[in-house]
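Q: Got a predicted structure here, sequence first:
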Amino acid sequence: MKDSDQLTRFLFDGTRVRGEWVRLDASWQAALARHDYPEAVARVLGEALAATALLSATIKYDGTLILQIQGSGPLTLLVAQVSADRSLRGMAEWNGEVSDASLHEMCSDARLVITVESNSTGERFQSIISVGQGGLAKALDSYFEQSEQLKTRLWLATDHHYSTGLLLQEMPASETETESDEYSWEHLVHLAETVTAQELLEFPMTDVLYRLYHQERVRLFEPEPVSFRCKCSRTRVATSLRSLGQDDMMQLIEEQGVVAVDCGFCKQHYEFDRVDMTQLFIDGSTHDGSGTTH
Ligand SMILES: [Zn+2]
């Protein structure tokens, strides 16, 4: 579809309401590649990635924005990250058999942790929200209400081909809120409530926006590309191995000959043999770029 792997912002002229639309296609396929996620886990991961892309255009940050779902299972961990350049990555971990279930059913004590990391200052801001029966979209609505004091609504849909998200947000008032502002927000949300998962997944953005808002003046901005890109590298893996300590690492080499690490996000395979490991602890060198892929 023409609007694939793009994020488009829009404004409703004459109101304080803005919106965003994102559809992940190749970036969603890349996140699924080499993983064998159960259907229900993949669905939440797709929604989380679309939501993360939407968040990246509403929250100011210059580093990484991380959306994490934690719970006691069968879904135990889900991570979706987006950098300021809108490159995404995501992964999920689960235990045992997962039947087709909602996020709440898969993880009844699920907590949503949103972390915003700054590259320039190294600061981290974290918010924790419990995920109720309304799932991820509802939890994110309350995140914006609590952390940003902005009325926000999200609609998310995922299948094997696409992951799509629609967001509406009321911008801060410059003066006191008027009745007409309140009316526009309620009215625009009410119309968006009629959007179906099928429309989000299978119809071009312009068709959906026309169907919902042909009586409003919608101003679209230039679409911005969204892509999947993993930040893992041999150097990063080496740094984490070094932090585990020389004794433990050398013992693993004695037992196994090599220490192998697979990236949880993209499944890139990294191996460190005795020579690599010795160099790692003697002079910290890692021979970046020589990672082997199997
Ligand atoms: Zn990776």
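A: Structure received. Numbers count the residues shown, from 1 in each chain.

Q: So for the helix or strand encompassing residue 112, mean pLDDT?
A: Assigned by DSSP states H and E, residue 112 belongs to strand 111-117. Throughout strand 111-117, pLDDT has a mean value of 94.

Q: strands paired with that strand, and their directions?
A: Strand pairing for strand 111-117, using DSSP bridges, gives strand 64-70 (antiparallel), strand 124-130 (antiparallel).

Q: Flag every buried residue along the first one.
A: By neighbour count on 16 or more other CB atoms under 10 Å, the buried set for strand 64-70 is 64, 65, 66, 67, 68, 69, 70. The C-beta positions use only the backbone N, C-alpha and C, and glycine is treated the same way.

Q: Now these in TSV, please, with extra columns for pLDDT and distance to the ion.
A: Formatted as TSV, the entries for these read as follows, by pLDDT from 0 to 100; distance: CB to the ion, whole Å:
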residue	pLDDT	distance to the ion
64	94	14
65	95	18
66	96	15
67	97	18
68	97	17
69	95	20
70	93	21
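
Q: How many neighbouring residues does the residue in the stretch 1-150 of the chain positioned nearest to the ion have?
A: Scanning the stretch 1-150 of the chain for proximity to the ion using CB to the ion identifies residue 89 as nearest, at 7.0 Å. Each residue near residue 89 was counted by other CB atoms under 10 Å, and the total is 25.

Q: How is this structure divided into domains?
A: Recorded structural domains for the chain (assignment: automatic domain parsing) are 6-228, 234-282.

Q: Show the end-to-end separation of the last one, please.
A: What that stands for is domain 234-282. 17 Å (CA to CA, to the nearest Å).

Q: Next up, identify which helix or strand residue 9 is on.
A: Secondary structure here is read from DSSP H and E; on that basis residue 9 sits in strand 6-12.

Q: could I have that strand exported to PDB, CA atoms only?
A: Once non-C-alpha atoms are left out, strand 6-12 reads as follows in PDB (Å, rounded to 0.1, in the frame of the first residue of the first chain):
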ATOM      1  CA  GLN A   6       5.100   5.900   6.900                       C
ATOM      2  CA  LEU A   7       3.900   8.100   9.700                       C
ATOM      3  CA  THR A   8       1.600  10.900   8.700                       C
ATOM      4  CA  ARG A   9       0.500  13.700  11.000                       C
ATOM      5  CA  PHE A  10      -2.600  15.700  10.400                       C
ATOM      6  CA  LEU A  11      -4.600  18.600  11.900                       C
ATOM      7  CA  PHE A  12      -8.200  19.400  12.000                       C
END
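
Q: Next to the ion, which bits of the stretch 1-150 of the chain? Give me the list.
A: Taking CB under 5 Å from the ion as the test, the list of the stretch 1-150 of the chain residues beside the ion is empty.

Q: what comes up buried for the strand holding residue 9?
A: Buried positions in strand 6-12, judged by neighbour count with 16+ other CB under 10 Å: 6, 7, 8, 9, 10, 11, 12.

Q: Check which residues of the longest helix anywhere in the chain are buried.
A: As far as residue count goes, and with DSSP state H defining each element, the longest helix of the chain is helix 39-56. Along helix 39-56, the positions that meet the burial threshold by neighbour count (16+ other CB under 10 Å) are 40-56.

Q: Between strand 111-117 and that helix, find me the angle.
A: Counting by axes from the mean of the first three to the mean of the last three CA atoms, to 10 degrees, helix 39-56 lies at 40 degrees to strand 111-117.

Q: And what about the closest residue to residue 138 other than its chain neighbours, helix, strand or coil?
A: Nearest residue to residue 138, sequence neighbours excluded (CB to CB, 6 or more residues apart in numbering): residue 132, at 6.6 Å. With DSSP: H, G, I helix; E, B strand; the rest coil as the basis, the three-state label of residue 132 is coil.

Q: so how far is residue 231 from residue 132?
A: 32 Å (CB to CB, to the nearest Å).

Q: Repeat that for residue 78.
A: Noted for residue 78: a distance of 18 Å to residue 231, by CB to CB.
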